[in-house]
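Q: What would the 3D arrangement of this be:
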Amino acid sequence: DILFFWVARMVMMGMVLTGKVPFSHVFLHAMVRDAHGRKMSKSLGNVIDPLDVIQGIKLEQLQARLDAGNLDPKEVVRAKDSQKKDFPDGIPECGTDALRFALCAYTSQGRDINLDVLRVEGYRHFCNKLWNATKFAMANLEGYTPGPLPAKSELKSQDRYIL
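A: Here you go, the predicted model:
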């Protein structure tokens, strides 16, 4: 609801300060929610830092952030319980590729993204399988020379798309 006003303010301030429109396109993405479908919010203590998903973090470190924040003590207890239930061993290291793959896969499902770290971890395993399959193929295709491609008119539509 407020995105229009934010964009309008940025355009007006850019024009006043620089004399130019600061950007010509505005890209909007789905709302990222926690695994239970709740809006991620600092006041709820359910925000997941993307760097934590990429690099991994222990539960104790996650909970130390809650203590250092400005949440109400009752909310801190509730958020810690939720973290302990959702991430009993912390957030596993998933890597950049798995997080990107997961976010791309989530966008095809609809308007909101219920970010489940276990699903991101599953995509990490999938990316690892792709990497290992590529290494295997490259190791076994040494010296292989592919034959000539058929004429473009003889290819199926999916083959033309890939090529």
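
Q: Quick one: residues contacting the nearest residue to Phe87 once chain neighbours are set aside.
A: What sits nearest to Phe87 in space, not counting adjacent residues and going by Cβ to Cβ, 6 or more residues apart in numbering, is Leu59, at 5.8 Å. Heads up, the C-betas are built off the backbone N, CA and C, glycines and all. By Cβ atoms under 8 Å, 6 or more residues apart in numbering, Leu59 lies in contact with Gln83, Lys84, Phe87, Pro88, Asp89, Gly90.

Q: Now the buried members of the residues you listed.
A: By neighbour count, with 16 or more other Cβ atoms under 10 Å, those hold Gln83, Phe87, Gly90 as buried.

Q: Which ones among those lie within helices?
A: Gln83 (DSSP state H).

Q: want to try a markdown table for the buried ones among the contacts of Leu59, with pLDDT as columns?
A: Shown next, in a markdown table, are these (pLDDT from 0 to 100):
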| residue | pLDDT |
| --- | --- |
| Gln83 | 91 |
| Phe87 | 92 |
| Gly90 | 93 |
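
Q: quick one: which of the buried ones among the contacts of Leu59 is nearest to Asn128?
A: Gly90 (19.8 Å; Cβ to Cβ).

Q: Could you report the separation of that closest one from Met13?
A: 41 Å (Cβ to Cβ, to the nearest Å).

Q: if we can go back for a sec, would you mind giving the buried ones among the contacts of Leu59 as a markdown table with distance to Gly45 added?
A: Formatted as a markdown table, the buried ones among the contacts of Leu59 follow (distance: Cβ to Cβ, whole Å):
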| residue | distance to Gly45 |
| --- | --- |
| Gln83 | 8 |
| Phe87 | 12 |
| Gly90 | 15 |
